[in-house]
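Student: my questions are about this predicted structure, shown below with the sequence.
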Amino acid sequence: MSGLFSISTKFSTLCICLIFLAINTEGESSNREILELTIGGGSGDRGGGGGGGGNRTQKEKLWNPFCSLPPHFALQFPPLPYGIPPPPPPVGPEVLVFDDQRRAVVYPVIQKFKAIITSVPLGIAKSWQGLDICSCKGFYCDNPPDNKTAIALASIDFNGFQLGAPTLDGFINQLPDIALFHANSNNFAGTNPPDIAKLPYLYELDITNNRFMGPIPRSINKTLSTLTEVLFLNNMLTGCLPLEIGFLKEARVFDVGNNRLTGPIPFSLGCLEKVEELNFAGKLFYGMVPEVLCQLPNLLNLSLYDNYFMQVGLACRSLIWKGLLDIRKNCIPDLPFQRSVAECADLFQYPRFCPYMNSHSLQASASWFSGFFDSLKWLLSLVILFSCKPL
């Protein structure tokens, strides 16, 4: 029985193919055809001709359910359209809709910064998807001071993310409502963006443990004038400390430890009346520790560890006794835990020079008065110190 069914199935398939072949052949004369299968019984004489049989023509319409359509069953095909239909209209750019215009401004800034990131070992940037900036890891939103009903990107905390990027320029300085930027322990490089001063609400900047290099710009009093915490610890900053650091009037913490900075400490730092913590450890600073630095009214911790200072005054010695000043591993002869004479001598084998040297110390020397212009510089430094205002 199964053999008969298989033969019938194959026969039916062959018939269907023949039907569609006939349809395609006859379709050229008409777009509407009726397909009928007829079986003729032959023609002419049978049995020698004549007689009652005569000429017989047998025409019967049979419907074989395995190889034909029912009698008078019509297959209708619609006429083919003339020409090729036009292509669909092009899809325009996706329209992004944000709940607040302030977030719409920073969204492309974040995406552009994401594109230049060279290292994401923890996969943090994978969460920087979609329009909800406030849900991205490391980004935090709040009401800006000028509009309590708005929601803006208020702070960034990348501490420990181990992100790598060749620069922060074009990122942090393009976030108009940012108040805190913490990027401790990453692999960011380059220099601080010069127009960071345009950020009206920024008051904490922490780029500790990165690869920033170059000198601290003299415009620091303008670019970072609103900051209360300036943390440049463990980078590759070079050069001397500019006297303009003393005009960071809001600074409470200033940390440039473990860089490649050198030179004397500017006595303009005596103008940092609000500062509580200062860290200049682990560098190549030398000379006398300015007494005005040790007389700051709110100072709680001053670290000068691992440098080449050669002299401290009474105010600074008082801080040493109180445990507020760490001056170990320097070149002060009458204090314990200092460098050897050979180590201290090695530093001064070659002449060292910092711009505006006369603004870095109040210690008088004959060279200060060796020329008219040196005297003017010294007087100018005194004016800056006593007024605590940049000229």
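Tutor: Everything's here; your move.
Student: where does the protein dip in pLDDT?
Tutor: Applying pLDDT under 70 to the chain flags the ranges 1-85, 89-98, 356-387, 389-391.
Student: change it to 50
Tutor: 4-5, 27-61, 63, 66, 360-375, 377-378 (pLDDT under 50).
Student: shouldn't Pro144 be in contact with Ser155?
Tutor: No: assessed by Cβ atoms under 8 Å, Pro144 is found out of contact with Ser155, at 11.5 Å. Bear in mind the C-beta positions are built from the backbone N, C-alpha and C, glycine included.
Student: what ranges do the helices span in the chain?
Tutor: Per DSSP state H, the chain carries helices over the ranges 2-26, 101-116, 220-223, 291-294, 314-322, 341-347, 372-387.
Student: for Leu237, what are its contacts?
Tutor: Leu237 is in contact with Phe212, Met213, Gly214, Pro215, Ile216, Val256, Asn259, Arg260, Leu261, counting by Cβ atoms under 8 Å, 6 or more residues apart in numbering.
Student: give me the buried subset of those.
Tutor: Phe212, Ile216, Val256, Asn259, Leu261 (16 or more other Cβ atoms under 10 Å).
Student: the first one pairs with what?
Tutor: When bridges are taken as DSSP bridges, the partners of Phe212 come out as Gly190.
Student: any idea how far it lies from Ala189?
Tutor: Distance of Phe212 to Ala189, computed by Cβ to Cβ, to the nearest Å: 6 Å.
Student: re the thing from before, in strands, which of the contacts of Leu237 fall?
Tutor: Among the contacts of Leu237, the members found in strands (DSSP state E) are Phe212, Met213, Gly214, Arg260, Leu261.
Student: run through the residues that contact the first one.
Tutor: When you say that, I think you mean Phe212. Contacts of Phe212 by Cβ under 8 Å, 6+ apart are Phe188, Ala189, Gly190, Thr191, Asn192, Phe232, Asn235, Met236, Leu237.
Student: and the last one, by the same measure?
Tutor: Taking Cβ under 8 Å, 6+ apart as the definition of contact, the neighbours of Leu261 are Ile216, Leu237, Thr238, Gly239, Cys240, Leu241, Phe280, Lys283, Leu284, Phe285.
Student: same thing with the third one?
Tutor: Contacts of Gly214 were listed using Cβ under 8 Å, 6+ apart, and they are Thr191, Leu237, Thr238, Gly239.
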